[in-house]
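Peer 1: Quick one, fold the following:
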Amino acid sequence: MEVRAVAGRTGLDRPIRWAHVTELHDPVHWLRGGELVLTAGLGLGTTAADQRAYVRRLHDAGCVGLGVALDGPGDTVPPAVVAEGDRLGLPVLCVEGETPFIAVVEAVAAHHAAERGRAQSRVLTAQDAMARAALRSGPAGVVTTLAASTGGRSLLLDRNGTTSAAAPATEQPWHRLVRSTVASTARRPRGMAVLDHEGATVLLQNLGPAGRTLGWLALHCDSEVTPHTRMLANHAASLLAVDLMHSRDTRRALHRQRAPHLAAAVSGRAAPPLTLPDPPWEVVYLPCEDPGALVDEAADALSDVLGATDAADRAGLCALADAVVAVLPAGAGARATAGRHAGTGPHTGAGSQKGAGPQTGAGPQTDAVPDADAGARAAAGRHFGERLLHALSEVPNGPRGAGACGARRVADLPSALTRARQAAAEGYRNTDEADAWDLFRSAVPREGARAFTDSVLGPLHEHDGRHGTDLAHTLLHYLDHGAQVEAAARDLGVHRNTLRSRLRTAERVLGRRLDAPRTRLELWTALSLAPMPCRDRTWHS
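Peer 2: Prediction:
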């Protein structure tokens with residue numbers, strides 16, 4: 001082709017989207033920008049002013065060049081067109097000789113076809129490199145290869161928004177935008193979302209099967225996001241999702257394999273050596289409607305609760321008839337008191353390895369949970385059991401409460417489970433820190449407590465109901481003040497002789513003497529198990 005530039009050479013680096021032939025005086029209405037306009041000159045106009053106006057219209061419409069065909073060797077491009085092209089930086093090309101416009105159009109089309117082929121080849125090469133990186137280096141390799149292939153920066157988060165891998169590895173300002181987006185339920189994307197960060201584009205993608213989130217992939221692009229960039233981001237997301245689902249399924253299978261052994265141990269039956277973290281432990285009882293389904297959710301949550309450590313792999317999980325039981329390492333706040341209620345002897349397990357094999361209690365503790373991302377986990381509770389409850393409470397039909405107890409030996413697990421079951425209520429309760437009276441109350445069956453209080457306090461309640469008195473309330477104050485008449489009378493706001501009279505009435509109604517230690521113990525226990533509010537405060541005014 002015989003084509004040469006005669007003006008506007010400063011704009012020759014602009015990409016040509018398409019070449020379009022027109023002889024209209026004002027073709028702008030039929031243009032979209034990025035075109036090389038080809039004309040034989042019929043629409044240029046006959047005056048210099050018309051010709052300059054024509055060039056300006058093309059420039060303002062976003063055209064990237066003007067090609068003018070010459071009829072013969074002596075013809076030239078009008079000087080006004082050349083001058084205006086130089087002034088605006090709009091390339092003006094002279095199409096000479098036997099070069100037909102269709103050849104120019106075909107050349108542009110061929111260029112784009114070749115560029116698309118090269119881009120597709122680059123995508124295939126990058127996809128192949130990602131697959132090799134996944135096999136060689138795991139998720140971190142995929143993240144690094146994605147960044148290198150797109151000229152961007154990438155970030156992989158776990159399902160809680162904690163960094164799993166990044167390229168570059170250092171913290172970036174745009175990471176905060178991504179974390180805040182995934183932390184907000186209202187803003188959290190279900191598929192791919194496009195975010196803006198200071199003029200740059202961030203592609204954020206949910207990793208996992210439909211309706212589930214196993215992690216997040218973000219790609220930061222300073223330049224325009226092309227379809228091929230999206231293809232590479234989608235390919236990386238698929239590889240990472242497969243890896244995450246494989247890890248999840250493997251982890252679930254491992255816990256299911258160990259579960260029968262742990263269930264036997266916590267039930268007091270003979271069991272093979274257990275795979276557990278180094279003691280002391282926190283035995284957690286999580287009552288729920290469907291323990292079989294929840295145990296898989298608990299296995300998924302362990303890495304969130306304990307971090308990416310051996311402890312997360314070796315923690316024990318099993319499903320009982322009415323609850324999920326977890327054996328976790330005692331958290332920093334509980335290690336000092338672990339075993340207070342469930343034995344203090346040494347751990348008796350033998351051998352240690354990852355997987356389903358036996359576990360040792362000897363040697364240094366190698367699975368202590370690190371402080372990385374500890375702040376986010378600590379917000380859910382000081383104990384690992386409390387954090388596990390927090391994570392599972394967001395699952396449909398998940399537990400609303402949990403009981404926990406410390407243990408140091410495998411032999412202590414049954415008694416620790418019993419105490420944890422008794423402590424379970426709304427929220428999290430750890431027997432190593434609970435008030436002794438609360439533990440006693442939670443251990444007494446409701447029907448048994450009612451029968452006991454009716455037996456001890458029945459005559460008092462009958463008398464109070466018949467006479468409008470409140471002897472039960474008076475007795476509780478008297479006993480709470482250590483059977484000191486003066487202190488109890490002051491608290492009740494009555495004269496000490498009035499109190500003595502009421503106490504004599506109570507002795508007569510009960511048929512028991514209040515100076516007997518056993519009588520005081522039974523009365524205080526019954527009144528505390530079912531305290532009675534004052535019926536009529538004017539009665540003892």
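
Peer 1: Report whether Asp300 is found in a helix, as I expect.
Peer 2: Yes - under DSSP: H, G, I helix; E, B strand; the rest coil, Asp300 falls within a helix.

Peer 1: burial measure for it, as a count.
Peer 2: 19 (other Cβ atoms under 10 Å). (Glycine included, C-beta is placed from N, CA and C.)

Peer 1: State the distance from it to Val395.
Peer 2: 9 Å (Cβ to Cβ, to the nearest Å).

Peer 1: Following the chain past the helix or strand bottoming out on mean pLDDT in the chain, name the next helix or strand.
Peer 2: Sorting the helices and strands of the chain by mean pLDDT, DSSP states H and E puts helix 374-378 at the bottom, at a mean of 46. Counting by DSSP states H and E, the next helix or strand C-terminal to helix 374-378 is helix 384-392.

Peer 1: State the paired neighbours of whichever helix or strand comes after that following helix in the sheet, together with their directions.
Peer 2: Sequence-wise, the next helix or strand downstream of helix 384-392 (DSSP H and E) is strand 401-407. According to DSSP bridges, strand 401-407 forms sheet pairs with strand 281-287 (antiparallel), strand 427-430 (parallel).

Peer 1: Which residue is the nearest non-sequential neighbour of the residue sitting nearest the centre point of the chain?
Peer 2: The chain has Asn160 as the residue nearest its centroid, 2.0 Å off, counting by Cα atoms, centre = their mean. When the adjacent residues along the chain are set aside, Asn160 lies closest to Asp304, with 5.1 Å between them (Cβ to Cβ, 6 or more residues apart in numbering).

Peer 1: wait, the one you found sits on Leu157?
Peer 2: No - the pair Asp304 / Leu157 is not scored as a contact, 11.8 Å apart, by Cβ atoms under 8 Å.

Peer 1: which residues does Thr229 contact?
Peer 2: Thr150, Gly152, Leu203, Leu219, Cys221 (Cβ atoms under 8 Å, 6 or more residues apart in numbering).

Peer 1: can you do 6 Å?
Peer 2: Shown in contact with Thr229 (Cβ atoms under 6 Å, 6 or more residues apart in numbering): Thr150.

Peer 1: Which parts of the stretch 401-541 of the chain are helices?
Peer 2: Using DSSP state H, counting those that start in this stretch, the helices of the stretch 401-541 of the chain run over 413-423, 436-443, 446-467, 471-480, 485-492, 496-510, 517-529.

Peer 1: about what we covered before: adding distance to Phe452 and mean pLDDT, write the strands paired with strand 401-407 out as a markdown table.
Peer 2: As requested, those are exported to a markdown table (distance: least, Cβ to Cβ, whole Å; pLDDT from 0 to 100):
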| stretch | distance to Phe452 | mean pLDDT |
| --- | --- | --- |
| strand 281-287 | 25 | 95 |
| strand 427-430 | 23 | 87 |
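
Peer 1: Most tightly packed of these?
Peer 2: Neighbour counts (mean count of other Cβ atoms under 10 Å) averaged over each of the strands paired with strand 401-407 peak at strand 281-287, with a mean of 28.

Peer 1: quick one: that one to helix 384-392, angle?
Peer 2: With axes from the mean of the first three to the mean of the last three Cα atoms, to 10 degrees defining the directions, strand 281-287 sits at 30 degrees from helix 384-392.

Peer 1: List the buried residues in the longest helix along the chain.
Peer 2: Determined from DSSP state H, the single longest helix within the chain is helix 227-266. Residues of helix 227-266 classed as buried: 228-241, 243-244, 248, 251-252, 254-256, 258-259, 261-266 (neighbour count, 16 or more other Cβ atoms under 10 Å).

Peer 1: low-scoring pLDDT stretches of this structure, where are they?
Peer 2: For the chain, applying pLDDT under 70 flags the ranges 72-74, 185-189, 211, 308, 332-381, 434-439, 441-443, 530-541.

Peer 1: Using the record's assignment, carve it into domains.
Peer 2: According to automatic domain parsing, the chain comprises the domains 3-99, 132-243, 273-443, 446-540.

Peer 1: Among those domains, which comes closest to Val108?
Peer 2: Of all these, domain 3-99 sits nearest to Val108, with 4.3 Å by Cβ to Cβ.

Peer 1: Val28 - how many residues pack around it?
Peer 2: 14.

Peer 1: did I read that right, it in a helix?
Peer 2: Yes - counting by three-state DSSP, Val28 falls inside a helix.

Peer 1: Do I have it right that it meets Asp60?
Peer 2: No - counting by Cβ atoms under 6 Å, Asp60 is not a contact partner of Val28; they are 7.7 Å apart.

Peer 1: residues touching Gly85, list them.
Peer 2: Ala7, Gly8, Val55, Val92.

Peer 1: would you turn those residues into JSON lines with distance to Phe101 and secondary structure?
Peer 2: Shown next, in JSON lines, are these (distance: Cβ to Cβ, whole Å; DSSP: H, G, I helix; E, B strand; the rest coil):
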{"residue": "Ala7", "distance to Phe101": "19", "secondary structure": "strand"}
{"residue": "Gly8", "distance to Phe101": "19", "secondary structure": "coil"}
{"residue": "Val55", "distance to Phe101": "19", "secondary structure": "helix"}
{"residue": "Val92", "distance to Phe101": "15", "secondary structure": "strand"}
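
Peer 1: Closest one to Glu84 out of the residues you listed, please.
Peer 2: Nearest to Glu84 among the contacts of Gly85, with distances taken as Cβ to Cβ, is Val55, at 4.0 Å.

Peer 1: Look up how far Gly67 lies from Ala49.
Peer 2: In terms of Cβ to Cβ, Ala49 sits 22 Å off from Gly67.

Peer 1: Between the two, which is the more surrounded one?
Peer 2: Here Ala49 and Gly67 are compared on neighbour count by other Cβ under 10 Å; more neighbours surround Gly67, at 23 against 10.

Peer 1: In terms of helices and strands, where is that one?
Peer 2: Residue-wise, Gly67 maps onto strand 65-69 under DSSP H and E.

Peer 1: Report the strands that pair with that strand, each with its relative direction.
Peer 2: strand 35-39 (parallel), strand 92-95 (parallel).

Peer 1: Export only the CA atoms of the last one, formatted as CSV.
Peer 2: The reference is to strand 92-95. Presented in CSV, the C-alpha positions along strand 92-95 are these (Å, rounded to 0.1, in the frame of the first residue of the first chain):
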residue,chain,number,x,y,z
VAL,A,92,-3.6,13.2,7.8
LEU,A,93,-2.6,10.3,5.5
CYS,A,94,-2.1,10.6,1.8
VAL,A,95,-3.4,7.4,0.0
